[in-house]
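**Student:** Quick one, fold the following:
(2 chains)
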Amino acid sequence: MNPDLNLLEHLCGEIESAWRERKDRALVQKLSIAHPDLRDELYDFFEALVFGSRQRSAKEAAAEGRIEMWLREVGVAAALAAASEEPPITTTEVREPVTGTPAPDAAPKDVNAEVDPPRNWVLFLRTATGKNVGEIAADLPHASGEFLTLVGRYPGVVPGSVKRELAARLRERFDIDEAEVHARLSETQGMLRAASRDRPFSAAPATFLELLSRSALSGDQQNYWRRLANVTD
Amino acid sequence: MNRAEGEPVGAAPVFSLEHAFESLPPLGSAEFLEYIRTAPSEELPAQVLVRAYRQLPPGSSAARSTLERLVRRRGERWDYLECLTAAAQAKVRKQPHQQAEDYEDLFQDALTRILSILHTERGAYAEKEWVAFCWRQVSEAWRERYGRRGERLDRPRAIPPAGDGHDIFDGIAEPPPWHGTIGGGDDSWLESLLEDVIASLQDGFVRDVARSLWLGPTRPKTSGKSKNGAPPPLTEQFPEKSRDQINRAVREAKVQLAAAIVATDLERVPERFHPILRSMIRSS
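**Tutor:** As a prediction, this is how the structure comes out:
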């Protein structure tokens, strides 16, 4: 932990609640004088509270577009998978979720039902290894969390040689049955497009190369899988 | 003056997170799903979404819908991640040599951190102070990449010049409309506001800079040479201060003025200033 970041977060939190609750602009001055080392950061923060973000450059907007795509394809699913392994923790009073009221346009009868519980690739890996996707990827050669997630989401574009390699490595490192891996990778395509989604994911990768390009792999790691898959640009 | 220093000129509505949470339909119900899909962000704060997300059964479709709303982007704007944009911009734009790639990396690193800790104990803070929570994740991500003091950057950090950023009155007129016109009509509210803001500035140097910027007949330049009877630049007016110190003071004064305007009740503001104020209030 960073003690100064703890302090900065605490001070920013005070400024945020004072601004939200009573549009107080004196506190940032008081805290800036009391903490001169943090003065610029406190004013950066307060400026953002008052103004919001600045005008985006075209490159910044494009970058955020790519991040949005990543969120839809990997980020949200990975966060949900991680959360599903731990009980919910909250510091505030808990309200009992409703479990029996069906959503009008949703296929699942129970809106709190598991998302593809037994068949979700990421959950399968987590259950089998007791690790999160990032930790699993770290234990596998040439892998990343994004790569593993995308392979599970779009197995249709993943060459058999890549699936076999992954299955062999998962058996070797985690003693996971190779046949089980192949079974998962043959059936999971589209599983996360659950009926309860209110919009489709962005365009699926059309090729394995495209999947690799979205996988947050280094150039060397991508080359490894390209060679294995016998594909080139 | 009855109000305390720093308090808004107009009556700002008090925003209760507790009330917003208690107003939610039952968590996980069809009504809840519909509400989090359609409610405007102003009525559904990020903190409330985070609190609901952390209480919903993990892996449930309701949790997923709640998280998806929290990270929703429409057009070029995020419903709740504009603070992440602001924080990443603040970090990257201080480094003249940093590129859009650095911005993307920083934004995504911070977002990854947020998503990975939101459901944990460390995510509890986001139920209360969402912007501060996001801000910290950007700071952590920046430090991971560039070091605590930016030692892995090619160049040291620099304070941006005072002219680089928001000048809230750029959209109204140049020079600012109250220069030489204070004393009546539409601008009397501005005169009162400026005096309030200047009086509320706790740092004497910032107060002096603000007075020079706002109350003279024309706005002085930060540095350089003045001509044709224009006031001397701030570097001449405050020779004992560095340019960085002057830039900081200018920026702090501007932010304080902007904050005062954002907090002002629109009904008390002359109509010709409404468009820019609305735009500022929306962005805040």
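**Student:** From now on I want contacts and neighbour counts done on CA atoms only, so please keep to that.
**Tutor:** Noted.
**Student:** How about residue A:134: what's its closest non-neighbour residue?
**Tutor:** Spatial nearest neighbour of residue A:134, excluding adjacent residues (C-alpha to C-alpha, 6 or more residues apart in numbering or on different chains): residue A:145 at 4.7 Å.
**Student:** swap in residue A:17?
**Tutor:** Residue A:17 sits nearest to residue B:129 (C-alpha to C-alpha, 6+ apart), 6.9 Å away.
**Student:** Can you report how many residues lie near that neighbour?
**Tutor:** 22 (other C-alpha atoms under 10 Å in any protein chain shown).
**Student:** same question, residue B:145
**Tutor:** Using other C-alpha under 10 Å: residue B:145 sits among 17 other residues.
**Student:** which residues touch residue A:217?
**Tutor:** A:142, A:143, A:144, A:147 (C-alpha atoms under 8 Å, 6 or more residues apart in numbering or on different chains).
**Student:** Specify which member of those residues is nearest to chain B.
**Tutor:** residue A:144 (13.6 Å; C-alpha to the nearest C-alpha).
**Student:** Check that closest one and give its pLDDT.
**Tutor:** Model confidence at residue A:144, given as pLDDT, is 85.
**Student:** what are the ranges of the strands in the stretch 1-150 of chain B?
**Tutor:** Ranges of strands within the stretch 1-150 of chain B are B:73-74, B:77-78, based on DSSP state E, counting those that start in this stretch.
**Student:** What lies in contact with the first one?
**Tutor:** This means strand B:73-74. A:68, B:79.
**Student:** Could you tell me which strands sit next to it in the sheet, and their orientation?
**Tutor:** strand B:77-78 (antiparallel) (DSSP bridges).
**Student:** Residue B:232 is in what secondary structure piece?
**Tutor:** Under the criterion DSSP states H and E, no helix or strand holds residue B:232.
**Student:** quick one: low-confidence parts of chain B?
**Tutor:** In the predicted model of chain B, residues B:1-15, B:96-100, B:149-187, B:273, B:275-284 satisfy pLDDT under 70.
**Student:** quick one, helices of it?
**Tutor:** Remark: helices assigned in chain B by DSSP state H are B:17-22, B:30-38, B:46-55, B:61-70, B:82-92, B:100-117, B:130-146, B:188-200, B:204-215, B:234-237, B:243-262, B:274-283.
**Student:** Would you mind listing the buried residues in the helix or strand containing residue A:69?
**Tutor:** Assigning secondary structure by DSSP H and E places residue A:69 in helix A:58-70. Neighbour-count burial for helix A:58-70, with 16 or more other C-alpha atoms under 10 Å in any protein chain shown as criterion, is recorded at A:60, A:61, A:63, A:64, A:65, A:67, A:68, A:69, A:70.
**Student:** same question, stretch A:209-222
**Tutor:** Neighbour-count burial for stretch A:209-222 [16+ other C-alpha under 10 Å]: A:209, A:211, A:212, A:214, A:215, A:217, A:221, A:222.
**Student:** who's in contact with residue A:146?
**Tutor:** By C-alpha under 8 Å, 6+ apart, the residues touching residue A:146 are A:74, A:214, A:215, A:216.
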